[in-house]
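>>> here's my sequence, what's the structure:
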Amino acid sequence: MGVFMSQKFEDLLALALETPEAVRERTESLNVGYDSRERTWELIVKYHGSLESLGSLGIQVEYLIAGYAILTVPEGMVNRMAQVEEIEYVEMPKRFFYQVAPADTSCLQQVMRQEPLLGGRGVLVAVIDSGEAVVQMPLGGR
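Residues are numbered from 1 along each chain as shown. As a prediction, the model looks like this:
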């Protein structure tokens with residue numbers, strides 16, 4: 001990817017950019033956001049000011065909120081993009097895995113049956129799990 005490696009890159013992105021494409025393709029996380037047909041990276045940036053200058057570099061900008069944007073960056077322009085003063089931080093998208101937990105491992109039903117009755121209307125919930133299956137014997141089976 002070149003000699004220059006920006007301090008603005010998250011560690012995982014820096015590793016991905018330094019890893020040969022053939023090796024990246026065999027990993028679960030290092031190739032996330034890379035389009036091998038278009039030879040572009042989809043990256044998440046924190047920025048200030050305007051990103052209009054990126055258009056002249058062939059970079060597509062999808063503005064989000066609160067100073068974040070998703071950039072589609074040609075592979076050869078990633079380091080140049082990071083040199084733009086308005087870019088504060090650059091990271092790769094992440095791949096998340098979802099799993100439905102068995103009903104007996106949740107306390108949700110007990111909580112919903114108590115006063116005051118909680119329905120959850122208007123509430124967004126995120127569950128972040130380590131992925132450790134603590135009911136399996138190697139982890140104690142408890």
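>>> hey, where'd the strands end up in this structure?
34-35, 40-47, 60-63, 68-74, 87-91 (DSSP state E).
>>> deepest in the core, which of those strands is it.
With neighbours taken as mean count of other Cβ atoms under 10 Å, the strands of the chain reach their highest mean count in strand 40-47, at a mean of 21. The way it works is simple: take the backbone N, C-alpha and C, and place the C-beta from them, glycine included.
>>> G49: how many residues sit nearby?
Per other Cβ atoms under 10 Å, the neighbour tally for G49 reads 12.
>>> could you dump the strands of the chain into JSON lines with mean pLDDT and distance to K8 added?
Formatted as JSON lines, the strands of the chain follow (pLDDT from 0 to 100; distance: least, Cβ to Cβ, whole Å):
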{"stretch": "strand 34-35", "mean pLDDT": "90", "distance to K8": "18"}
{"stretch": "strand 40-47", "mean pLDDT": "93", "distance to K8": "8"}
{"stretch": "strand 60-63", "mean pLDDT": "92", "distance to K8": "16"}
{"stretch": "strand 68-74", "mean pLDDT": "93", "distance to K8": "12"}
{"stretch": "strand 87-91", "mean pLDDT": "93", "distance to K8": "5"}
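>>> got these as CSV, with distance to V127 columns?
Below are those laid out as CSV (distance: least, Cβ to Cβ, whole Å):
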stretch, distance to V127
strand 34-35, 28
strand 40-47, 22
strand 60-63, 27
strand 68-74, 23
strand 87-91, 22
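>>> what's the closest non-adjacent residue to V78?
W41 (5.8 Å; Cβ to Cβ, 6 or more residues apart in numbering).
>>> let me fix that: I44
Counting by Cβ to Cβ, 6+ apart, I44 lies nearest to E91, which is 5.2 Å off, once chain neighbours are set aside.
>>> and that neighbour, how far from G49?
Distance, E91 to G49, by Cβ to Cβ, to the nearest Å: 19 Å.
>>> ditto for T19
32 Å.
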